[in-house]
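1. mind looking at a prediction? Sequence and model below.
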Amino acid sequence: MAIRVVLTDDEAAIRTGFSLIFERYAPDIEVVGCAVDGTEGVNMARELRPDIVLMDVRMPRTDGISATRRISPRTKVLMLTNFARDAYVFGAMRAGCSGFLLKNVEPERLIEGVRSVHRGEGVLAPEVTARLIDAFAARSISAGDEAEALTPRERQVLGYLGRGLSNTQIAARLQMADATAKTHVARILAKLNVRSRIQAAIVAQELGLTGRGGEARAEGGEEPYAGPVRPLGRRSVAAE
């Protein structure tokens, strides 16, 4: 089944260009609608119920960040912008987007980003990955009392999620079925009251569940995972 996408951007060239990229190189991605601003994008998301909305940040009437807050969590949002400034990334993450890419992304990385978000993975452009996550963790989402509800196993899964592991990778590390890892991630998001895996990954850092130098702290005697956080083209920050 095709990944259903709504493109929301006030630049006609972007809407046309991305549509052609998907049509030519990604038969599994179907553009079901194009919106010229955030208000129209929200309306299309409600009416068409796409899998993903590709959302520009700066648009007339309603900007992309405000629009993202109004879109149902059932629809994932991949934010697109010309700017790699911290404020835009912070705002997009606070709004609960599943990823953040620059508009000059190469076609293959754009396609990979859409597929990754559809799989439930979080995506950040390489230009904004580690530095912005560290800064965002220091000034944004609070782990709060919600984290107290996590079981030891969920905290362990959260630690690996915070290092960018997919469900399959988490399952392999913890010797569990992929479906079990996916269930743990879903419960973690619900307990932390966060919308995206990127937000959950930030909470993992706030709780000290991820170590320095690419290590993830595991409880119960697990060896830490020494793999890197992989931005788009390698591995996303918060993965399925």
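-> That came through fine.
2. every contact and neighbour count from this point should use C-alpha atoms.
-> OK.
3. quick one: low-confidence ranges for this structure?
-> Low-confidence segments of the chain (pLDDT under 70): 84-87, 126-146, 211-240.
4. which parts of it are strands?
-> Using DSSP state E, the strands of the chain run over 3-8, 29-35, 52-56, 76-81, 99-102, 123-124.
5. strand partners of the fifth one, parallel vs antiparallel please.
-> According to DSSP bridges, the neighbouring strands of strand 99-102, each with its direction, are strand 76-81 (parallel), strand 123-124 (parallel).
6. so which of the ones you listed gets nearest Asp63?
-> With CA to CA, the closest approach to Asp63 among these belongs to strand 76-81: 11.1 Å.
7. just how off-centre is the closest one within its chain?
-> The chain centroid and the centroid of strand 76-81 are separated by 9 Å, computed with CA atoms, centre = their mean, to the nearest Å.
8. next, the angle from that strand to strand 52-56.
-> Counting by axes from the mean of the first three to the mean of the last three CA atoms, to 10 degrees, strand 76-81 points 20 degrees away from the direction of strand 52-56.
9. now do strand 76-81: everything it contacts.
-> Residues outside strand 76-81 that contact it (CA atoms under 8 Å, 6 or more residues apart in numbering): 51-58, 64, 68, 92, 96-103, 114, 117-118.
10. counting neighbours, what do you get for Ala149?
-> For Ala149, the count of nearby residues is 12 (other CA atoms under 10 Å).
11. tell me the most buried of the strands paired with strand 99-102?
-> Counting by mean count of other CA atoms under 10 Å, strand 123-124 has the highest mean neighbour count of those, with a mean of 30.
12. before we move on, the earlier item: now distance to Gln156 too, for the strands of the chain, in CSV please.
-> Listed next are those as CSV, based on distance: least, CA to CA, whole Å:
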stretch, distance to Gln156
strand 3-8, 31
strand 29-35, 34
strand 52-56, 29
strand 76-81, 25
strand 99-102, 23
strand 123-124, 22
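13. in CSV: the strands paired with strand 99-102, plus distance to Val194.
-> Compiled in CSV, the strands paired with strand 99-102 are given as follows (distance: least, CA to CA, whole Å):
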stretch, distance to Val194
strand 76-81, 13
strand 123-124, 16
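14. what's the closest of those to Ala149?
-> Nearest to Ala149, of all the strands paired with strand 99-102, is strand 76-81, at 25.7 Å by CA to CA.
15. the closest one versus strand 3-8: what angle between them?
-> Using the same axes, to 10 degrees: strand 76-81 against strand 3-8 is 40 degrees.
16. which positions in stretch 40-53 come out as buried?
-> Residues 40-42, 44-45, 49-53 are the ones in stretch 40-53 that count as buried (16 or more other CA atoms under 10 Å).
17. so which two of these are the farthest from each other?
-> Pairwise distances among the buried residues of stretch 40-53 were taken by CA to CA; the largest, 16.5 Å, belongs to Glu40 and Asp51.
18. domain map for this protein?
-> Domain assignment for the chain, taken from automatic domain parsing, gives 3-118, 143-240.
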